Every structure is written in C-alpha cells, then in structure tokens.
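**Q** Please work out how this folds:
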Amino acid sequence: MSGIRWGYALNQWDTNIDAFVRRRDHERAFKTISISGFSGVELTAVSFGPWEPFGSPDEIAHLYGSLEDLRSFLAECALDAVSSYVYDPSVGFDVEMGRGPDPLDPDAREQIAATAVWFADAVHRLGGDVLVVRPAGSAWQTGALSDEQIGTLAVLWDEVGRRIAEHDVRLALHVDFLSALRLEDGLDRLLAATDPDHVGLALDTAELAVAGIEPVEFFRRHADRVWHIQLKNAHDVVDDAEALTPHAEQFVRTEGGSRRIERWFFEPTDEGGLIDFEAFAQAVADSSYSGWIVVESDQSPRPAESAMVSGWYVQKVLEPIVERRVARV
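**A** Next up, the predicted model:
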C-alpha cells in the first residue's frame, strides 16, 4: 500500500446554521461519501452549539452519545474514520458563537494549546491522525508579519505540535487565501522557524491558487513538510491589495468582493480551473507523501453530485497516477 487514504470534507453539506443537524441527514451524507469511494470524512470546528453537531467533541457527544458512538455510526455507513479536524483559534468555545484567542498573543498560548489537544484527542478516538489549524489571522488585520511575530507563532505551534503528538496526531498548518502568511514570504519564514518534527503543512490546492501560489510547484518545494492535502479547484485569484481589504472575510470571501465572485471553490473536475490536478497527482507520486488526501467542494449547490463526480475522478484519474509509485518501490 502507498500509505495514502482518500477522504471527503463534510463542509459542503453544512452550509448554514441549523441546516444539517439531524442524524438522518448525516447518514445520507456519510453513505454518499462512502459509495463515492472515500474512506474518511473531514470535520470543521465551529462554536454554534447544538446547531453545529460536529462543531466540537462536546456537541458530537450530545447528539451521538460519545465519540465512540459516532465512530460506530460511521462504520455502519462504511466509513473508516474522521480523517481530520480543521480548527481556527479565532473560533471560541467557552461560549456559543464566542470569539477565540489571538495566536499572536503570547498569553493565549495555553488556551490555544488546550483547545488543540481537545480536538486532537477527538480526532484520535475517531480514527484520524491530523489536526489542521489556521496558524495566523487575516492579512488585513496585521499586514505582513514581523520577525518577532513569526517567532511568537513558531513558539505557539511548536508547543501545540508537541502536545498533540502525545495523542498520535500530527499538526498541519493551513494557509487560506486571506492569511497574513501570504505576505512577504510569511509562510516560508514560519516553516523555517518551526520544528519540522512537530509542525507540518496542510496543502490546500485552491486556497494557494487563489492566493497566487502555484500548488504543484509549492508541493514539490515543500513535500517533506506536507502532512495533509486538501483538493479543490478555483477560478479566480485574489491579489495582496484585495486580501488587505478591511473585513475581507465578509466582504471578499463571503460577498465576493468588488468583483462579486459568486463561488470561490469548485470540484477538481470543474473545467477551466486554475489547478492541474493530474500534474499535482504526479508530484505526489514522485514524493514520499503518506497521509490523507481530502477532496472538498465548499458550498456546492448539489453536494451529493459533487461528491460522486469527485469520487469518480479520484478513482479513475488521480488515484491511478498516485499509485504508480507502488509498482516502482
């Protein structure tokens, strides 16, 4: 075996508060993901209480009884595991819909680490092995990060990486297209400052492409630090000036910015996208990558169709390219 497992992100089903809260809806989604050829599902940390039943380990336990009961439910739907949790420290879990701590605040280190361990323990108990985190805030909030700020982030994420490793979970930093780390080589500087034994990367093909970073070249340059992969397509690029727009999360990401972009992310099969997925699969095949590859299609208007067409593309096109390396070993 190549050590690569294919998962699918649940976020495209959960597009609005209270829209995805019933077990029967979860069962349909899980079985659709399974019959589409995927063996795991990726969850996102959200603090909307019972309106987001997968938003935290506590909410899972409230609906399913325990994390172990959810894993049994996944098995009944022919899924092996929750591959990963995506955690943004700016999301607060002390109160519903609360605001979380700032990674650039040294005094927030313990709170962020404790929350990361909470999610890492859940990932481990659900059969996965990766915690995906947003390592820094948005570009408009901070501008380019100073060396001192990079150092603060490095201390934080080294600490988190060490602590979650005790739960057999790896830490993978996820840079989105609005991240401050897109400015002035911020990501390369943070990678150089962190411990490669405890801090890796979650490479998101579409987020990088929208930020103007070519994902195939980026993967080849940083393959040894990539511990998690998220595959999705994109059509439009956001330059630094647009990323620096005040309140870009709302105005650019949610509302589409001044260009009124209706949808930022698409299925890997979508025509006319920015990403050469076959070239990316070949880059993976040429590397020693071992871990999850999670396909996404954020806010698809037809989530079941998106999962099935993505599953066909993985099985018939991408997986055969990736698996070629097995024959060479």
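**Q** Would you map the helices across the stretch 1-150 of the chain?
**A** Counting by DSSP state H, counting those that start in this stretch, one finds helices in the stretch 1-150 of the chain at the ranges 23-35, 57-64, 67-76, 109-125, 139-142, 147-165.
**Q** Now render the ones you listed as a markdown table, adding distance to residue 10 and mean pLDDT.
**A** All C-beta atoms are positioned from the backbone trio N, CA, C, and that covers glycine. Listed next are the helices of the stretch 1-150 of the chain as a markdown table, based on distance: least, CB to CB, whole Å; pLDDT from 0 to 100:
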| stretch | distance to residue 10 | mean pLDDT |
| --- | --- | --- |
| helix 23-35 | 7 | 95 |
| helix 57-64 | 12 | 94 |
| helix 67-76 | 11 | 97 |
| helix 109-125 | 14 | 96 |
| helix 139-142 | 28 | 96 |
| helix 147-165 | 21 | 98 |
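**Q** closest to residue 232 out of the ones you listed?
**A** Among these, helix 23-35 comes nearest to residue 232, with 15.0 Å by CB to CB.
**Q** Mind giving me the packing neighbours of the closest one?
**A** On a contact count with 3 or more CB pairs under 8 Å, 6 or more residues apart in numbering; DSSP states H and E, helix 23-35 meets helix 67-76, helix 303-313.
**Q** where does the chain have low pLDDT?
**A** Across the chain, the ranges flagged by pLDDT under 70 are 1-2, 15-18, 95-98, 325-329.
**Q** If we use 80, what do you get?
**A** 1-2, 14-19, 48-50, 93-98, 299, 325-329 (pLDDT under 80).
**Q** Would you map the strands across it?
**A** 4-9, 40-44, 81-87, 91-92, 98-99, 130-133, 170-174, 199-204, 226-231, 233-234, 265-266, 291-295 (DSSP state E).
**Q** Identify the residues contacting residue 178.
**A** 138, 139, 140, 238, 243, 248, 249, 252, 253 (CB atoms under 8 Å, 6 or more residues apart in numbering).
**Q** Kindly reformat the helices and strands packed on helix 23-35 as TSV containing distance to residue 289.
**A** Output for the helices and strands packed on helix 23-35, formatted as TSV (distance: least, CB to CB, whole Å):
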stretch	distance to residue 289
helix 67-76	24
helix 303-313	19
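**Q** Out of those, which one sits most buried?
**A** Comparing those by mean neighbour count (mean count of other CB atoms under 10 Å), helix 303-313 ranks first with a mean of 20.
**Q** elements contacting it?
**A** strand 4-9, helix 23-35, strand 291-295.
**Q** Please save the CA atoms from it in PDB.
**A** C-alpha atoms of helix 303-313 as PDB (Å, rounded to 0.1, in the frame of the first residue of the first chain):
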ATOM      1  CA  PRO A 303     -23.300  18.300  -2.500                       C
ATOM      2  CA  ALA A 304     -24.200  14.600  -3.300                       C
ATOM      3  CA  GLU A 305     -23.500  15.200  -7.000                       C
ATOM      4  CA  SER A 306     -20.200  16.900  -6.200                       C
ATOM      5  CA  ALA A 307     -19.100  14.000  -4.000                       C
ATOM      6  CA  MET A 308     -19.900  11.400  -6.600                       C
ATOM      7  CA  VAL A 309     -18.300  13.100  -9.600                       C
ATOM      8  CA  SER A 310     -15.200  13.800  -7.400                       C
ATOM      9  CA  GLY A 311     -15.100  10.200  -6.300                       C
ATOM     10  CA  TRP A 312     -15.200   9.000  -9.900                       C
ATOM     11  CA  TYR A 313     -12.400  11.400 -10.800                       C
END
